[in-house]
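>>> Provided below are the primary sequence and the corresponding predicted coordinates.
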Amino acid sequence: MKILPDDLPNDIDSLKALLLEQSLLLGEKDSALAVKDNQLAEWASKYERILEQWRLAQQKQFGKGSEVSPGQGELFDESENDSQEDNADVETDSQTVSYSRTKPKRKPLPKDLPRETVVVDVAESDKTCACCQTPLHRIGEDTSEKLEFLPAQLKILETVRPKYACRQCEKTETKTTIKQAAIPPSIIPKGIATPSLLSQVITGKFQYSLPLYRQETMFKQYGIELSRQTMSDWMLKCSSALQPLYDRLHTILLEQPVIQGDETTLNVIKESRSNCYMWLYCTGRDGLDKQSPIPNIVLYDFQPTRSAQCAIDFLQGFDGYLNVDGYPAYESTKATLAGCWAHARRKFIEAEKGMPKGKAGKATVAINFIKKLYAIEALAKQKGTAEEIRQLRQEKASEILASYKNWLEKSAQQVPPKSLLGKAIQYNLNQWDKLTVYLTDGQINIDNNRAERAIKPFVIGRKNWLFANTGNGARSSAILYSIIETAKANGLIPYDYLVKLFEELPKRQAND
């Protein structure tokens, strides 16, 4: 309603009252607008977070899973300045890569394999000259190699133990002594399984992720009825026989200065909690590093829960360095925790994937900082001793870490804390003390990828056999996985290693 000047009262008090009323109405209107603006801002923030999650889900479903980014080896490129950091788009450097294409060359077949020579010759009638009928003479030959596969063979080992008695005593004595050789010791007494068969079944499941029901079908092809229940019982007995070796490896593992740890879920049907956990602890490095004084050991530990007590019990007496992710259960142990830079980087990679396609920003800047740390680690691998690695890290990584932390603290004030980027920044700040522990000792890894790679065979196998039936079965699986993965980590062939163990262990038990 429009008010004309003539409609206003001439009384000053009335004018004051009217002005006060109008100001109150305007205040209520401004307050309502402010509430509305706040709601719109909150909805916009929620929309952006949902959009980030959607982009990340799309990337995980259809995009590449690798976390390796180009330019990993560029060590001392300066990161973007503050003005570039604040922009929504960050200009990225383009690189021109030149290379020479090499023609693929087939590797020679092993010389120690059995060989069968097949001669492909011309017919006898063609060994005369078509012009003058003179016999042809051999001037050379061409050879080629092909690889033939022979299916697995099964055979029966029949053990015969002759009995001996005295004929004279049979005639004159009331008691006759019979002599017979003792039964050869076996890993499964009175069982039909030989060390080679047990090794085949165990490596089939725990090395090549072949469930027992599939192995049951394979044996049927050879006319052997071997049920999965029987093979499962063999697994339990073999793991029981290997328990002393597992315990010895556990003792040696706890004596090492650095241990890597991780855990993953396991579905166990006949447990009170269907979602149980397989914990992993390992030492050493990937590959055979003869210069490293730390042995390569990989041990799995089945536990029904993910509580801190599980790690406390397994690591009892260990007070060295423990390379782990940010799971807080490890903080209850007596170990000094060393953080994982791969996890710290992964948070920013997820934030980068959640951004609109073609855009870059603070997540890219953080990844560039971490790339520099990994470039230093590439140089550290060329060093001989742990002290040389420590000195290199102190000289080159300390300055980068200081700049990176300043950038994190500044960015934390500029980014919404509930966004993927905000969570990544906060994770890095919360884990900072643990992330910088690796500077203090050259034996500590920059990340926990050693444990993640060691637990991967179990995760792959779980996709095939899906679950464990009982807790005892899961514990036996932990022992068998440990023996196989430790053998692989030390350059051994698990099948041959298990055959040797199953041949020697019964002999030692018999001598004891």
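Done, it's in.
>>> what distance do you get for L315 to L505?
28 Å (C-beta to C-beta, to the nearest Å). Heads up, the C-betas are built off the backbone N, CA and C, glycines and all.
>>> which one of the two has more residues nearby?
Using other C-beta atoms under 10 Å as the criterion, L315 and L505 rank with L315 on top: 22 against 18.
>>> distance of that one from G261?
Taken as C-beta to C-beta, the span from L315 to G261 is 8 Å.
>>> quick check: neighbours shared by these two?
281, 322 (C-beta atoms under 8 Å, 6 or more residues apart in numbering).
>>> how far does stretch 158-169 sit from the chain's center?
Averaged C-alpha coordinates place stretch 158-169 at 57 Å from its chain's average position (C-alpha atoms, centre = their mean, to the nearest Å).
>>> ugh, wrong one, I meant stretch 227-246
Relative to its parent chain, stretch 227-246 has a centroid offset of 25 Å by C-alpha atoms, centre = their mean.
>>> what mean pLDDT does it have?
Averaging pLDDT along stretch 227-246 yields 95.
>>> same deal with stretch 467-487?
Computed over stretch 467-487, the average pLDDT equals 94.
>>> over to stretch 403-416?
For stretch 403-416, the per-residue pLDDT averages 92.
>>> cool, and stretch 368-386?
On average, stretch 368-386 scores 89.
>>> could you measure from V459 over to N323?
V459 is 19 Å from N323, by C-beta to C-beta.
>>> sorry, that was for I188
Distance from I188 to N323, by C-beta to C-beta: 38 Å.
>>> okay, those two: which has more neighbours?
Ranked by neighbour count (other C-beta under 10 Å), I188 and N323 place N323 first, with 28 against 18.
>>> quick check on that one: phi, psi?
The phi/psi pair for N323 (degrees, to the nearest 10) reads phi -80, psi 110.
>>> show the contacting residues for it.
258-261, 338, 340, 444-445, 447-448, 450-451.
>>> and I202, how many residues sit next to it?
Per other C-beta under 10 Å, the neighbour tally for I202 reads 24.
>>> any idea how far it lies from L157?
Counting by C-beta to C-beta - I202 and L157 are separated by 19 Å.
>>> now K463
Counting by C-beta to C-beta, the gap from K463 to L157 is 36 Å.
>>> do K423 as well
For K423, the distance to L157 (C-beta to C-beta) stands at 61 Å.
>>> again with D286
Distance from D286 to L157, by C-beta to C-beta: 39 Å.
>>> okay, the two: which has more neighbours?
D286 (13 against 7).
>>> so which strand or helix has that one?
Under DSSP states H and E, no helix or strand contains D286.
>>> before we move on, what about I259?
strand 258-267.
>>> now the helix or strand that comes right after that strand: buried residues?
Going down the chain from strand 258-267, the next helix or strand is strand 275-283, by DSSP H and E. By 16 or more other C-beta atoms under 10 Å, the buried positions in strand 275-283 come out as 276-283.
>>> quick one: find the helix or strand in the protein with the lowest mean pLDDT.
Every helix and strand of the chain was ranked by mean pLDDT, DSSP states H and E. The lowest is helix 82-86, at a mean of 43.
>>> surely E170 meets T176?
Yes: in this structure, E170 is within contact of T176 by C-beta atoms under 8 Å, at 5.3 Å.
>>> the two: who's more crowded?
T176 (13 against 10).
>>> residues in contact with the more buried one?
165-166, 169-170.
>>> what about the residue lying closest to I370 once chain neighbours are set aside, which SS state?
Distances taken as C-beta to C-beta, 6 or more residues apart in numbering place R345 nearest to I370, at 4.6 Å, with adjacent residues excluded. Going by DSSP: H, G, I helix; E, B strand; the rest coil, the secondary structure assigned to R345 is helix.
>>> same question, R161
coil.
>>> I'd guessed it sits against I178; true?
No: with contact defined as C-beta under 8 Å, R161 does not count as touching I178 (11.3 Å).
>>> any idea which helix or strand carries A342?
Assignment of secondary structure by DSSP H and E places A342 within helix 341-353.
>>> any idea how far that helix is from the chain center?
17 Å.
>>> buried set for whatever helix or strand comes next after it?
Later in the chain than helix 341-353, the nearest helix or strand by DSSP H and E is helix 362-380. By 16+ other C-beta under 10 Å, the buried positions in helix 362-380 come out as 362-377, 380.
>>> pull the distance from the following helix or strand past helix 362-380 to the chain's centre.
Next helix or strand after helix 362-380 toward the C-terminus (DSSP H and E): helix 386-412. Relative to the centre of its chain, helix 386-412 is centred 26 Å away, using C-alpha atoms, centre = their mean.
>>> report the angle between helix 386-412 and strand 258-267.
60 degrees (axes from the mean of the first three to the mean of the last three C-alpha atoms, to 10 degrees).
>>> next, P457: secondary structure please.
P457 - assigned by three-state DSSP - is helix.
>>> residues in contact with the residue lying closest to it once chain neighbours are set aside?
Leaving aside its sequence neighbours, P457 sits nearest to E485 (C-beta to C-beta, 6+ apart; 6.3 Å). Residues in contact with E485 (C-beta under 8 Å, 6+ apart) are 298, 300, 454, 457.
>>> what helix or strand does the first one sit in?
V298 belongs to strand 297-303 when elements are defined using DSSP H and E.
>>> neighbouring strands - and their directions - for that strand?
Sheet pairing of strand 297-303 (DSSP bridges) gives strand 275-283 (antiparallel).
>>> now the partner strand: how far from the chain's centre is it?
Distance, centroid of strand 275-283 to centroid of chain: 11 Å (C-alpha atoms, centre = their mean).
>>> would you put the C-alpha positions of that strand in PDB?
C-alpha atoms of strand 275-283 as PDB (Å, rounded to 0.1, in the frame of the first residue of the first chain):
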ATOM      1  CA  ASN A 275      32.000 -59.600  10.000                       C
ATOM      2  CA  CYS A 276      35.300 -60.600  11.500                       C
ATOM      3  CA  TYR A 277      38.800 -59.400  10.600                       C
ATOM      4  CA  MET A 278      42.100 -60.700   9.300                       C
ATOM      5  CA  TRP A 279      45.000 -58.600  10.600                       C
ATOM      6  CA  LEU A 280      48.300 -58.600   8.800                       C
ATOM      7  CA  TYR A 281      51.800 -57.800  10.100                       C
ATOM      8  CA  CYS A 282      54.900 -57.800   7.900                       C
ATOM      9  CA  THR A 283      58.600 -56.800   7.900                       C
END
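>>> for that strand, give me every contacting residue.
Residues outside strand 275-283 that contact it (C-beta under 8 Å, 6+ apart) are 253, 256, 258-268, 294-306, 310-311, 314-315, 450-451, 454-455, 458, 468, 471, 474, 478, 489.
>>> show me where the stretch 1-150 of the chain has helices.
12-62, 82-86 (DSSP state H, counting those that start in this stretch).
>>> pick out the shakiest of those helices, pLDDT-wise.
Among the helices of the stretch 1-150 of the chain, helix 82-86 scores lowest, at a mean of 43.
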